[in-house]
Structures are given as structure tokens and as C-alpha cells.
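> what's the 3D shape of this:
(one chain, ligands or ions: 1)
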Amino acid sequence: METDCLFCKIAAGDIPADKLYEDDEILAFRDIAPQAPVHFLIIPKKHIENPAAVGSEDEKLMGRMLRRGAAIAEENGAQDFRLVFNSGAEAGQTVFHIHMHVLGGRSMQWPPG
Ligand code: AMP
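This next block holds a predicted model:
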């Protein structure tokens, strides 16, 4: 745990979140500023800065995040959904604890802005 990391604090239960799923390794919670009718984040409890910092030992964990995200999207009525990882400030990352955005419930445009 990184003491000054917002998502580490959420994972530890020190800061409240609107949780959708939790187990020993991962946590899903609604985004505080939703950009779609369905918008939640999945994080590993382990502190990893961003996708660029994912190691080979994290591959199964990343796969679990993806599969759980798809399942929760469906449970929330989003058959079609978009998964987004921002890696680095230039790409729009503002919280430096890896998180997968799951967005659904509206039609999406491509390319993203
Ligand atoms: P990113 O810009 O990819 O780093 O995404 C960070 C996301 O975290 C943004 O969509 C924020 O709205 C969201 N966020 C920030 N603080 C919180 C919080 N306390 N609870 C839930 N979501 C948050």
C-alpha cells in the first residue's frame, strides 16, 4: 500500500466508495464523476502505477479484472461496453494506481478525444 495513494486508501476501506464487487485481489466501485449511465472502475488491491508498470507476475490479475468488468457490466444492463486504461498524464491518467474504466449504457464514439 502506498500511503498517499487515493485508490490504495479506497482498497483498504479508509475512504468510502460505492462498491460493486470485492475479493482478496480486486475491487470494483462506481466512478465518482460518471461519463456514461454505467461507469465503474476496477482496481487491483496491489499498488501498480499504470499499465506500463504491469509485470509478468500480474498477467493473471489483469485477466481477472477484465473478466470481472465484463460480468459486472452485464449485471448492470450494459451488454455492450468500453474498457479504458489511461497510462500516463498525457493519456489522461489522473490517479496513479492502475484502474480499468468500464463504460456502458450509451452509444460510444470513435476515436476518443
Ligand atoms: P483517470 O483519469 O483514468 O486516472 O481516471 C480516474 C477516475 O477516478 C476519474 O474518472 C475520476 O472521476 C475517478 N475518481 C476520482 N476519485 C474518485 C473517488 N473517490 N471515487 C470514485 N472515483 C473516483
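
> Now do the strands in the protein.
In the chain, the strands defined using DSSP state E lie at 19-22, 26-30, 38-44, 81-84, 100-104.

> Now distance to the ligand too, for these, in CSV please.
The C-beta positions use only the backbone N, C-alpha and C, and glycine is treated the same way. Formatted as CSV, the strands of the chain follow (distance: least, C-beta to the nearest ligand atom, whole Å):
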stretch, distance to the ligand
strand 19-22, 10
strand 26-30, 6
strand 38-44, 6
strand 81-84, 7
strand 100-104, 6
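
> Would you convert the ones you listed into a markdown table that also reports mean pLDDT?
Output for these, formatted as a markdown table (pLDDT from 0 to 100):
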| stretch | mean pLDDT |
| --- | --- |
| strand 19-22 | 98 |
| strand 26-30 | 98 |
| strand 38-44 | 98 |
| strand 81-84 | 97 |
| strand 100-104 | 98 |
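
> quick one: the helix of greatest length in the chain to strand 38-44, angle?
In the chain, ranked by residue count with DSSP state H as the criterion, the top helix is helix 59-75. Relative orientation of helix 59-75 and strand 38-44, computed by axes from the mean of the first three to the mean of the last three C-alpha atoms, to 10 degrees: 160 degrees.
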